[in-house]
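S.K.: Below is the structure, and that's it, no one-letter string:
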């Protein structure tokens, strides 16, 4: 242990010869500790929310989507499906149809996105089937007789709707919904909307209010017939083996399919949302780093007071041959010790806060759609917080260290 470190540790103790740190040193360490813990906990919660949101979005949507660049139906989609299925890292692919319709049930009307899917392959690409809280996706391909009180009606096909949509329309499993499309037939008095009854054969809960209240599913064959698309589809959904490879797979698919098709990955489709989350995380980091900055000002004050109080000892050290750099090193070590102790205590405290938040803090599931706050501690975030805290505390030592280094021994000892 060098003499600079021994002197630095001695200076951090109280004036009286007690084995306790001074009050100023304790306050400085406490400030760094709280700042580090608060930053780790906040970034962990925000990362947890981002990851939870990403999982829910990718549970309902595909990793990569292929559509016609001119927004025309894809006629011979078998060749396109086979081409994307051959690409590296592609796990599964399935066709879909996408259109806006109205759903009516008695006096309730609600606009939704109606998706035509292949019940046999949709489950390999999205989590729609796993999100079902009632019914089966396979029932979309079935045909159901009319209700007993209306035996004259024709048999109906199945439809799967979200939990929130079911509540809005006031329907349950087995009830009848009418799907109304503005793309109807031309009559003598203008366009007549197309209407077809469907039976509710499934209700899903994705955990995302926007999806649960605005999406409904029917079979691909039913959608092709209802929208009079023939054998055509709107696009193809793709699942990859690792979500962060989606961008590379999208580029490869676009190159393989040619300029006619527009291929987008989940990041591009949700760019605004995830950009906003990233910006929010950066802003919170900047705001909470102010706690460590306050502690840094306290470190400046503490070290400046030590320089003033220990000016005689500093002068003696210089008279004994200590260089200006050696004297500065003493006070820089003081700042780094304060920062280091604060970081060492703050990191486990931040982990403890994260554990407490995840374990004891509950949320009303009917409001937030999650029962607890998601927490994800990233090693990168921990290293970033620790490095930032140490850098700030080090910079806080520059002025007091410079003051101590420039102290002239003759001036300091003149009145002793």
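M.R.: Sure, I can see it. Note that the structure is predicted; figures quoted are calculated from it, not measured. Residues are numbered from 1 along each chain as shown.
S.K.: how near is the most centrally placed residue in the chain to residue 131?
M.R.: Centroid-nearest residue in the chain, with C-alpha atoms, centre = their mean: residue 50, separated by 1.1 Å. From residue 50 across to residue 131, the span is 20 Å (C-beta to C-beta, to the nearest Å). From N, CA and C alone the C-beta is placed, and that goes for glycine too.
S.K.: hang on, the residue nearest to the centre of the chain in a helix?
M.R.: Yes - under DSSP: H, G, I helix; E, B strand; the rest coil, residue 50 sits within a helix.
S.K.: by contact count, what packs against whichever helix or strand residue 343 is part of?
M.R.: Element membership for residue 343 (DSSP states H and E) is helix 324-360. If you count contacts as 3 or more C-beta pairs under 8 Å, 6 or more residues apart in numbering; DSSP states H and E, helix 324-360 packs onto helix 3-11, helix 23-60, helix 271-309, helix 311-319, helix 379-396, helix 398-405.
S.K.: Give me the buried stretch members for the longest one, please.
M.R.: Read it as helix 271-309. 274, 277, 281, 284-285, 288-289, 291-292, 295-296, 298-300, 302-303, 306-307 (16 or more other C-beta atoms under 10 Å).
S.K.: Next: the last one.
M.R.: Neighbour counts over helix 398-405 (16+ other C-beta under 10 Å) mark 400-401, 403-405 as buried.
S.K.: Show me what that helix is in contact with.
M.R.: 300, 303-304, 306-307, 314, 324-325, 327-332, 335 (C-beta atoms under 8 Å, 6 or more residues apart in numbering).
S.K.: Specify the local secondary structure of residue 230.
M.R.: Per three-state DSSP, residue 230 ends up coil.
S.K.: Can you tell me the number of residues neighbouring it?
M.R.: Using other C-beta atoms under 10 Å, residue 230 has 10 other residues around it.
S.K.: which non-adjacent residue is nearest it?
M.R.: residue 224 (6.5 Å; C-beta to C-beta, 6 or more residues apart in numbering).
S.K.: Can you read off the backbone torsions of the one you found?
M.R.: phi -60, psi -40 (degrees, to the nearest 10).
S.K.: which residues touch it?
M.R.: Contacts of residue 224 (C-beta under 8 Å, 6+ apart): 97, 116, 230-233.
S.K.: Mind putting those into a markdown table with pLDDT and distance to residue 41?
M.R.: What follows is those, written out as a markdown table (pLDDT from 0 to 100; distance: C-beta to C-beta, whole Å):
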| residue | pLDDT | distance to residue 41 |
| --- | --- | --- |
| 97 | 94 | 45 |
| 116 | 94 | 45 |
| 230 | 88 | 56 |
| 231 | 90 | 55 |
| 232 | 92 | 52 |
| 233 | 92 | 47 |
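S.K.: Can you select the buried ones among the residues you listed for me in ChimeraX?
M.R.: Buried subset of the contacts of residue 224, written as a ChimeraX selection, criterion 16+ other C-beta under 10 Å:
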select :97,116,232,233
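S.K.: which one among the contacts of residue 224 gets closest to residue 66?
M.R.: residue 233 (10.1 Å; C-beta to C-beta).
S.K.: List the contacts of the closest one.
M.R.: 73-74, 77, 95-97, 116, 220, 224.
S.K.: Can you tell me which of those is closest to residue 194?
M.R.: Distances from residue 194 to the contacts of residue 233, taken by C-beta to C-beta, are shortest for residue 224, at 13.6 Å.
S.K.: Kindly provide the distance from the closest one to residue 244.
M.R.: When residue 224 is compared with residue 244 (using C-beta to C-beta), they lie 34 Å apart.
S.K.: Any stretches of the stretch 1-150 of the chain with poor pLDDT?
M.R.: For the stretch 1-150 of the chain, the stretches flagged by pLDDT under 70 are 1, 3, 8, 11-21, 147, 149-150.
S.K.: at 80 what do you get?
M.R.: 1-25, 107, 146-150 (pLDDT under 80).
S.K.: wait, is residue 196 part of a strand?
M.R.: Yes - Residue 196: assigned to a strand according to three-state DSSP.
S.K.: follow-up on the earlier one: got a list of what the residue nearest to the centre of the chain touches?
M.R.: Counting by C-beta under 8 Å, 6+ apart, residue 50 has contacts 274, 277, 281.
S.K.: Can you name every helix or strand that the one helix or strand residue 157 maps to contacts?
M.R.: With secondary structure defined by DSSP H and E, residue 157 is part of strand 156-162. On a contact count with 3+ C-beta pairs under 8 Å, 6+ apart, strand 156-162 meets strand 143-144, strand 176-187, strand 190-204, strand 215-219.
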